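Participant: heads up, no residue letters with this:
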């Protein structure tokens, strides 16, 4: 009976890891496309979708019981991925919309600091990529542990901050219109 429960738990963890790896790959692919300038008019919307999706996957990991690897020390997943070029390319794509001001830790106080969407997205990408290195090396539990730990300690918060800023930017783009334009649209809607 215990073997059946253990096998089921391992199967469940593999399924979670497979789903998380899919979200991670989609996130990295979308962010890379946005950074390349492939769709400048859709950059904000694409980033919102990509970050929302990977944050949903992270929230599932964060809600799980702690994943504990069998070994105390993390196996070497290979060279660290240099994501500075990605951050710089995103900064270039976002231009003046990149930097923002935030409350550093709203739970502990009201200290204000500066942040950037490009830095936040690069931090998420770095953590996601490291988990993928473990996953691709066949270390499923280690990948899950890394994604869960780094979601709770870094990328969940950075992703949520970037998402909030991007959503506000999109709201301003879509809702901040001249009074004359709004009046004309309202008139046209009433006449339709």
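Facilitator: Noted; the coordinates are in hand. Source: prediction; values computed, not measured.
Participant: And the residue nearest the centre of the protein?
Facilitator: residue 51 (3.9 Å; Cα atoms, centre = their mean).
Participant: all helices for this protein, in order.
Facilitator: 2-36, 43-63, 84-94, 117-136, 140-150, 156-175, 179-191 (DSSP state H).
Participant: Give me the helices and strands touching the third one, please.
Facilitator: For helix 84-94, the helices and strands in contact under the criterion 3 or more Cβ pairs under 8 Å, 6 or more residues apart in numbering; DSSP states H and E are helix 2-36, helix 117-136. For glycine as for every other residue, the C-beta is placed from the backbone atoms N, C-alpha and C.
Participant: neighbouring contacts of stretch 166-180?
Facilitator: Residues from elsewhere that reach stretch 166-180, judged by Cβ atoms under 8 Å, 6 or more residues apart in numbering: 44, 45, 47, 48, 51, 97, 117, 185.
Participant: what's the neighbour count on residue 168?
Facilitator: By the criterion of other Cβ atoms under 10 Å, residue 168 has 12 neighbours.
Participant: thinking again about what came up before, closest to residue 108 out of the helices of the chain?
Facilitator: Across the helices of the chain, residue 108 has its closest neighbour in helix 156-175 (12.7 Å, Cβ to Cβ).
Participant: Now do the closest one against helix 140-150, angle only.
Facilitator: With axes from the mean of the first three to the mean of the last three Cα atoms, to 10 degrees as the basis, helix 156-175 and helix 140-150 are set at 60 degrees to each other.
Participant: tell me which residues in helix 156-175 are buried?
Facilitator: By neighbour count with 16 or more other Cβ atoms under 10 Å, helix 156-175 contains the buried residues 156, 158, 159, 160, 161, 162, 163, 165, 166, 169.
Participant: now do stretch 18-27
Facilitator: Neighbour counts over stretch 18-27 (16+ other Cβ under 10 Å) mark 20, 21, 23, 24, 27 as buried.
Participant: Output the residues you listed as TSV; include the columns distance to residue 146 and pLDDT.
Facilitator: Compiled in TSV, those are given as follows (distance: Cβ to Cβ, whole Å; pLDDT from 0 to 100):
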residue	distance to residue 146	pLDDT
20	10	94
21	12	96
23	14	97
24	11	97
27	15	98
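Participant: Nearest to residue 66, out of those: which one, please.
Facilitator: Of the buried residues of stretch 18-27, the one sitting nearest to residue 66 (Cβ to Cβ) turns out to be residue 20, at 15.2 Å.
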